[in-house]
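Engineer: What follows is a predicted protein model with its sequence.
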Amino acid sequence: MDGYLGSYATLGITLLAGALVFVGAFSANRVLRPRRPSVSSGKFESYECGLDPVGGDWAQAQIRYYVYAYLYALFAVESVFLFPWAVIFDRPGFGGAAVVEMAIFVAVLALGLLYAWRKRVLRWA
Amino acid sequence: MVLLVVPAVGAVTAALVRHDLAGRIAGTVAAAVAFLATLPLPIGRGTRVDTGPALVPWHQVDVAWVPSLDLRFHLGVDGISYPLVVLTALLTLLCCGYTLWRVPDPGRGRLLVALLLIIEVGILGVFLALDLILFFVFFELVLLPMYAVIAGWGGPGRRRAARMFVLYTLLGSVLLLVGLVTVVGAAGTADLVQLTGTRLGTGTQYAAFVLLAIGFAVKSPLWPLHTWLPDAHTEAPTVGSVILAGVLLKMGTYGLLRVAVGVAPDAAQGAAPVLGGFAAAAIIVGGLVCLAQNEVKRLIAYSSVGHMGFVLLGIATLQPVGFQAALVGNVAHGLITGLLFFLAGAVKDRAHTGELAKLGGLRETAPGLSGLLGFAAVASLGLPGLAGFWGEAFAIVAALRTGGAYWNVLGVVAAFGAALAAAYLLRLLRRTTHGPASPAVLALDGPRLSAAELVAWAPLVLLIVALGLLPALVLGPGAAAVDALHGVVGR
Amino acid sequence: MTTDIAAETLKLPSLDYAALAPMLILFGVGCVGVLVEAIAPKKARFPVQLVLAVLGIAASLTAIVLAAGTEKVTAAGAVAVDGPGLFLQGSIAVLGLVALLLISERSLERGGAFVAQAAVTANSEADRDQATRGSGATEVYPLIIFSLGGMMLFAAANDLLTMFVALEVFSLPLYLLCAMARRRRLLSQEAALKYFLLGAFASAFFLFGIALVYGYAGRVDFAGIHAAVLDSPNDIALLYIGLAMVAIGLLFKAALAPFHVWTPDVYQGAPTPVTALMAACTKVAAFGGLLRVLYVAFERSQWDYRPVLGAIAVLTMLVGAVLAVTQTDIKRLLAYSSIANAGYVLVGVLAISKAGLASSLFYLVAYGFSVLAAFGIVTLVRDADGEATHLSRWAGLGRRSPLYATLFTFLLLAFAGIPLTSGFTAKFGVFAAAIEADQTWLVIAGVITSAIIAFPYLRVVVMMWLSEPGESTPAVSLPGALTAAAVTIGAAATLLLGIVPQPLLDMTENAAHFVR
C-alpha cells in the first residue's frame, strides 16, 4: 500500500467492497423473500402503493431554470477568483496591472450578462 | 520540351472548344505537331564515349521542380526510348485522325480527343522521364484518362472492364511506387542517369526488382497477371484499344528494361530464369487461349499476351540480342496490333458483331478489308519480311544463345508458341474471310473502305513492311544504348 | 500563513503582448461580436458581424506575420511562440478566413445556412417556419471567432493545462455550431449532441491524463515533463497511462481511429460550412497540439509511443479507406476521407524529425484548402429541400454543370494523391519523411490504403460524368460571390501546391523548430 499508485489500491478495494455489499444485499433479498408470482397488474406499477401513477416517467423541466443556473454558476466562479485577488492586489508588484486584469475579467462576464439581458433571458415570462 | 507541351495544349483546346468538330480538329493538329516534333530528335545526338555513364541521353531537360523533396523535372531521349516515342506520337495522331471521321457512341468526340492527348502526354512522359519519381507521376497520369476512355466510350461490359483495368493497374502502381521508393531511399537519388550503373546492395536490389517487376508485369501484362487485358481491350472503343495495345502496354516492358534492369542489374540476373519462365508460359498460354476464342477483339487481345511474352523473354535473356528483340518486338507489336484493332473495329462497326461464328466470307463482300486483315494477321504471326518476324526471331535466338538446358527449353517453347500464333491467326482468317458469307457479313454497312480509314491505316501498313525489310530502323538508334545497358548487367 | 506563501510564489508573469496579439485580437473581436449581438439593430447585425470577423482575422494574421521569427516562451511558460506555432496559427487564420466566406454565404438560401433559434423543437410548426423564412443567427460569428482563437491557443499552448483550456474554448463553440443547420434539423441536433457527449468524454480522458502525467513529472509544462521523462523516480506506469489518456483526447479531436466514430455523423449533420471549418481548421489545431505534445514534451519516450501510434495510423488509414468505399452520402464520404487523411498526417508526425514536422505542416495546409473547396461545392449542389448530399443524386452532374463537376473531380484527385495536385506533394512529403525515419511499414500501409481509397473517389467521378442525369439530379446553384471566392481559393491552392509547392515547403522547413 505504498508508492503513488498504492493509494489507488485502497480506492479500488473500497470500490470492490461497495460492489460486494450491493450484490450481497440484492442476493440476500432474492434468497430470503417469499416467491409469489402474481398476474395482477399492481405488481408492475412504478410505485406499489395503491395509487395509479399519472403521466410518463420523463418529466420536463422549464429551460429557464437552466439559464438561471448557468448565470449563477458564472458569478459563483467569478467570486471564487475575486477573493484571492482581493487579498493580493495591494501587495507591491501587483497594483495597477492586477486591477486592470480583474476589470477585464469582470467585464467579460458582465458582457455575458448584458447579452443575456438584451436577449430577454432575465425576464420570467 | 515541346513534345509534352503540345499535346497538353491540344488537350485543353480540344476540351474547351465549344464546337465538337473544331475541337477534334484542334486536337488532331496538336497530335500532328507533336509527331513532327519527334522526328528531328536524333539530330544532334552526341557520339558515345565508352568511359561515360551508362545512360547518355541525346537531349535532356533538367529543371529542379521541388528541391526540398528532391523532385526533379528531368527528361531526355535516347536510343531505347526514341522508337517508342515516335510510335506513341504516330499512333495518337492516327487515332485522333480516326476520330475526325468516326466518333464512337455516345459522341462528344472532342472530349475523347482531349483524353487521348492527355494519355499521349503521360506515355511520352514515361518514355522520356529520367527521374524515377517523375516517371511514376507520368505513369499515374495515364491511368485515369484511359479509365475514362474505356468507361465512357466502351462496349456493353465497359463498367466491369474499366473497373478491372483500374484495380489491376492501381495494384501495379502501388507495388511500383514502393519499389521506386525503396530504390530512391537506398540510393539517395532518383536520377536515372546516375542510378543506371550504380550498384545498390544485393538485398535492396532484389526487393526493388521484385516489386518493380511485378508492377511492370501487371502493365505489360505478363501471365498470370494479364486477366484485366482481354476485357479492357474488348470493351474499349477502337481508338482506345489501339492506344492500349499499341503503346500503353509498352510502358510495362520499357519500364522493366530501363528501370528494373537498369537499376537492379544483379537482381535481374538472379531473377532472369523466373522471368523467362513466366514469359515462355505467357507465350504458350496466350496461344492456347487464342485458339479457343470466339470474338475478334478478344482474340487479338489475347494474342497481345503472347507477343508481349516474346518481348519479356527477350529482356529476360539479358543479352544485347534479347534487348534488341524487345525493342523491335515492342515497336512491331505496337504497329501490328494497332492495325489489327483498327481492322477489328472496322469489322465490328460494319457487321455489328464480333463473333467469329457469325462472321465469314468477308473476302467476297469486302475484299479490301479482308485483304488488310490478312496482311495484318500474317504480319502478326511473324512472317519473315514483315515487322513481326524480327522481334520473335531475335528473342528465340537470344534465348538459345544464353545457353544451358533451361534456356534452350525456353527457346524451343517460344518457337512452339510462334507456331501456335500461326495456328490461331490462320484460324481467325479462315473463319472471317473465307467460307460462305454469313447473314451478318451479307448485311455489311458499306463494305468499301473509306478514305479516312485508308489514310489512318496506310502509315501502319507501310511501316510494318519497312520495319520488316529494314529492322535497322529501330536497331540502329538503339544499338549504342542497348550495349551500354548490357554493359551494366554484365559488369 | 497561506497568504504569505502565496505572496512569495505569486509573481506577475511577464507577458509578451506582441507574441500573444494574434490570440488576444481574436478574443477581443469575439467579445465585441457579443456586444454587437446585444445592442446592434437586427438588420445591421449581419454586415457588421461579417466585416468585424473578417477584419479581426485579418488583423490577427497581420500580427502573426509581424511576429514571424520569434522564438520564446511567454505568459509564465503557458504559451510558446515559435516557428510551428506561428505557422499553425497562420494556417488556422487563413483557412478560417476562407471558411468564413463559406459561412457567410446568404445567396444560396434565404438567411444563410443557419437557423435563428436552434432550440426550437425540430419539425414543429415554428421550426418549419423558421427554416423557410427568417434570417439566420448572427451569433455564429462570435462563436467562430472564439473557436479560432481557441485553436490558435491550442497550437501554441506550452503546458497541458493551457492546452486543456484551449481545447474547451475551441470545442464548445463548435458543438453549438453543429446544431444550427437550417435544414434537416433533427440530424443537426443529433450531430451536436453526439459531438458534445463524445467530446466531453475525450476531454475527461485528457484531463485525467494530465493528472497522471502531473503525478509522474510533478509539472504540467512541457519543458518540465521533458526533463522528468527520464529522471523522475516515480512509477513509469503513471507516465504511460497518462500519456495514453492525453493522447486519446488529442486523437479524438484529430479524428483518428478508433476515436473517429463521431466524425461521419457530425460531418453529415452539421451545416456544411461548419463541417468545412471543422475539417480544415480543427484538424490543423488538433495536429498542432499533438505535434507539440509528442515532439516537445514526450520526445524522449518516442520509443514507447511510436509503435502504438503507428498502429493507430495504420488502423486509421485502413478504416477511413475501407469504410469510405461503402458510403452513399457525399458528406459522409468526405468525412471518411478526412479520417484517412488524418492517418497520413500521423505518418508524417511519427517520423519524429524535422522533415516529419515540416511535411506534416505542409500536409495540413494542403488538405485544408482542398477540403474547404470540396465542401464549398457540396453546398452548391442543392434542390428545393436544401443540399442534395446523397450520392445517387450526384449522378450525371457532369452534364448539368461541367465546371463544378470538373472542379470536384480535381479535388477528389487531390484527395487521392494523384500527381500535379497538392495531395501528391503532401503525401510524398510525409512518406519521404517516414522512410527517412525508418518507418517503412507505415509508408507501405499508406500506399496500399491510398490505392483503396482511390475507389470511392473514382466512383463519385464516374457517377458524375458517366451516368445520365436523372429527374432527381439537382441543379447546381449559382454561387454567390463569397462561395465562389472560397471555392476558387481552395481549388487554386490545391493546384498551385501541386505544381509549385516550393515556397510553402520552404516556409514549413524554416518553421520546423519547436522552442522548449
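Structural biologist: Perfect, thanks for sending it.
Engineer: my guess is residue C:153 meets residue C:79, correct?
Structural biologist: Yes: with contact defined as CB atoms under 8 Å, residue C:153 counts as touching residue C:79 (7.2 Å). Placement of C-beta: from N, CA and C, glycine included.
Engineer: Tell me which of those two has more neighbours.
Structural biologist: residue C:153 (27 against 23; other CB atoms under 10 Å in any protein chain shown).
Engineer: What residues sit buried inside stretch C:200-215?
Structural biologist: C:202, C:203, C:205, C:206, C:207, C:208, C:209, C:210, C:212, C:213, C:214, C:215 (16 or more other CB atoms under 10 Å in any protein chain shown).
Engineer: Can you list which of those residues are found in helices?
Structural biologist: Using DSSP state H, the subset of the buried residues of stretch C:200-215 located in helices is C:202, C:203, C:205, C:206, C:207, C:208, C:209, C:210, C:212, C:213, C:214, C:215.
Engineer: Name the nearest of those relative to residue C:344.
Structural biologist: Checking those against residue C:344 with CB to CB, the nearest one is residue C:202 at 21.7 Å.
Engineer: Any figure for the gap between the closest one and residue C:242?
Structural biologist: Residue C:202 sits 15 Å away from residue C:242, going by CB to CB, to the nearest Å.
Engineer: Nearest to chain C: which residue in the stretch 1-150 of chain B?
Structural biologist: The nearest approach of the stretch 1-150 of chain B to chain C comes at residue B:137, 3.8 Å away (CB to the nearest CB).
Engineer: Let me fix that, I meant to ask about chain A.
Structural biologist: For chain A, CB to the nearest CB, closest residue to chain C: residue A:118, 4.0 Å.
Engineer: so how many other residues sit close to the nearest residue to that residue once chain neighbours are set aside?
Structural biologist: Once flanking residues are discounted, residue A:118 sits nearest to residue C:38: 4.0 Å by CB to CB, 6 or more residues apart in numbering or on different chains. When neighbours are counted by other CB under 10 Å, residue C:38 registers 16.
Engineer: And the pLDDT for the residue nearest to the spatial centre of chain C?
Structural biologist: Nearest residue to the geometric centre of chain C (CA atoms, centre = their mean): residue C:282, 2.2 Å. On pLDDT, residue C:282 comes in at 93.
Engineer: Quickly note the distance from it to residue B:187.
Structural biologist: Taking CB to CB as the measure, residue C:282 falls 40 Å from residue B:187.
Engineer: same deal with residue B:353?
Structural biologist: Applying CB to CB, the value for residue B:353 to residue B:187 is 53 Å.
Engineer: Is residue A:90 in a helix, a strand, or coil?
Structural biologist: coil (DSSP: H, G, I helix; E, B strand; the rest coil).
Engineer: Next one, pLDDT for it please.
Structural biologist: Residue A:90 is assigned a pLDDT of 78 by the prediction.
Engineer: So what's the residue count around it?
Structural biologist: 10.
Engineer: Distance-wise, check it relative to residue A:96.
Structural biologist: 11 Å.
Engineer: And for residue B:208?
Structural biologist: From residue B:208 to residue A:96 the distance is 70 Å (CB to CB).
Engineer: Can you check the pLDDT for the residue nearest to residue A:118?
Structural biologist: 88.
Engineer: just for the chain, where's the confidence low?
Structural biologist: Defaulting to chain A. Where chain A drops to pLDDT under 70, the residues are A:1-5, A:40-53, A:125.
Engineer: I was after chain B.
Structural biologist: Chain B contains residues with pLDDT under 70 at B:1-23, B:39-60, B:62, B:66-70, B:103-107, B:197-198, B:440-447, B:478, B:488-491.
Engineer: at 50 instead, please
Structural biologist: Low-confidence segments of chain B (pLDDT under 50): B:47-53, B:491.
Engineer: where does it come near chain C, residue by residue?
Structural biologist: Listed as neighbours of chain C in chain B under the rule CB under 8 Å from any CB of the partner chain: B:66-71, B:133, B:136-138, B:140-141, B:144, B:147-148, B:151-152, B:166, B:170-171, B:173-174, B:177-178, B:181, B:185.
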